[in-house]
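In: how would this look folded up:
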Amino acid sequence: MKITDLTTFILPPRWCVVDEARVRAAAETGHSWRNPVCRHRDGRVAEW
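Out: Numbers count the residues shown, from 1 in each chain. Have a look, this model is predicted:
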């Protein structure tokens, strides 16, 4: 493999099946990830 062959890094493996409709739907929806909130035993917010 040559480093200049970028298709190896961009395309999924041949055995990998990608549901394009599901990927596009997930891209439209977005995500609701937030940083976890760590708390002390008394309820105060703990920095991590």
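In: For residue 17, see how far away the residue lying farthest from the centre of the chain is.
Out: The outermost residue of the chain, judged against the average C-alpha position, is residue 42 (33.7 Å), by CA atoms, centre = their mean. Residue 42 sits 50 Å away from residue 17, going by CB to CB, to the nearest Å. C-betas here are computed from N, CA, C, even on glycine.
In: which SS state does residue 22 fall under?
Out: helix (DSSP: H, G, I helix; E, B strand; the rest coil).
In: do the one 5 residues further on as well
Out: Counting by three-state DSSP, the backbone at residue 27 sits in helix.
In: so the residue nearest the centre of the chain, which of the three states?
Out: Centroid-nearest residue in the chain: residue 31, 9.5 Å away (criterion: CA atoms, centre = their mean). Per three-state DSSP, the local secondary structure of residue 31 is coil.
In: Backbone torsions only: list them for residue 38.
Out: When read as degrees, to the nearest 10, the backbone of residue 38 gives phi -90, psi 140.
In: Repeat that for residue 39.
Out: Dihedral angles (degrees, to the nearest 10) for residue 39: phi -130, psi 150.
In: wait, isn't it in contact with residue 45?
Out: Yes - Residue 39 lies in contact with residue 45 (CB atoms under 8 Å); the separation is 6.0 Å.
In: ok so, going back, got a list of what the residue nearest to the centre of the chain touches?
Out: With contact set as CB atoms under 8 Å, 6 or more residues apart in numbering, residue 31 has no partners.
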